[in-house]
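J.: next come a sequence and a model predicted from it.
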Amino acid sequence: MTSGSFQPNWEAWERIISENGITLDRLRGSVHPVHTDILYPIDYGYVNETKGTDGDHLDIFVGRAENRLVAAIFTTDLRKGDRECKLIFNCTPEEIYIVNGFINFDPSKMTGILVMRRPMQTLWRESEDR
């Protein structure tokens with residue numbers, strides 16, 4: 001799957017986030033509850049009242065910008081044997097790179113395909129204007 005072959009329904013996801021809210025259960029710098037060698041480089045949680053393909057809530061990374069839903073990353077977790085979508089919300093370009101690197105850090109455990117809502121160049125320009 002490439003970003004050109006899949007177009008998420010960004011507006012529907014934004015509406016669900018707005019209506020249901022977000023719960024952050026793993027704050028920046030916290031340790032993964034099972035894999036204690038993993039530290040979260042950015043706030044992580046879930047969209048309330050949703051269900052992802054793994055049966056748990058729809059996951060979301062939340063940054064420090066005010067730019068709403070900017071991307072999604074479609075992951076394959078080789079440890080659990082599942083695939084799911086994780087949303088990327090209110091993230092600066094740097095934070096998007098951090099999320100992508102975090103997910104793809106060890107391809108023997110997890111990989112992800114980043115799908116941007118808008119081109120990265122646009123986000124860089126917008127972040128410079130703030």
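T.: In hand now; what should we look at? Numbers count the residues shown, from 1 in each chain.
J.: in the one helix or strand in the chain whose mean pLDDT sits lowest, what counts as buried?
T.: For the chain, scoring each helix and strand by mean pLDDT, DSSP states H and E identifies helix 120-129 as the least confident one, at a mean of 85. Within helix 120-129, the residues scored as buried using 16 or more other CB atoms under 10 Å are residue 123. Backbone N, C-alpha and C define where each C-beta goes, glycine included.
J.: what of stretch 49-65?
T.: By neighbour count, with 16+ other CB under 10 Å as the criterion, the buried positions of stretch 49-65 are 50, 52, 54, 57-63, 65.
J.: same thing with stretch 101-111?
T.: Within stretch 101-111, the residues that qualify as buried by neighbour count (16+ other CB under 10 Å) are 102-104, 110-111.
J.: want to throw those residues into a markdown table with secondary structure?
T.: Putting these into a markdown table (DSSP: H, G, I helix; E, B strand; the rest coil) gives the following:
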| residue | secondary structure |
| --- | --- |
| 102 | helix |
| 103 | helix |
| 104 | coil |
| 110 | strand |
| 111 | strand |
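J.: which pair in those residues spans the largest distance?
T.: Across these, no pair lies farther apart than 102 and 111, at 11.7 Å, counting by CB to CB.
J.: any idea which of the buried residues of stretch 101-111 is closest to residue 34?
T.: Distance to residue 34 across these (CB to CB) is lowest for residue 110, with 13.0 Å.
J.: just give the nearest non-adjacent residue to the closest one, would you?
T.: What sits nearest to residue 110 in space, not counting adjacent residues and going by CB to CB, 6 or more residues apart in numbering, is residue 77, at 5.1 Å.
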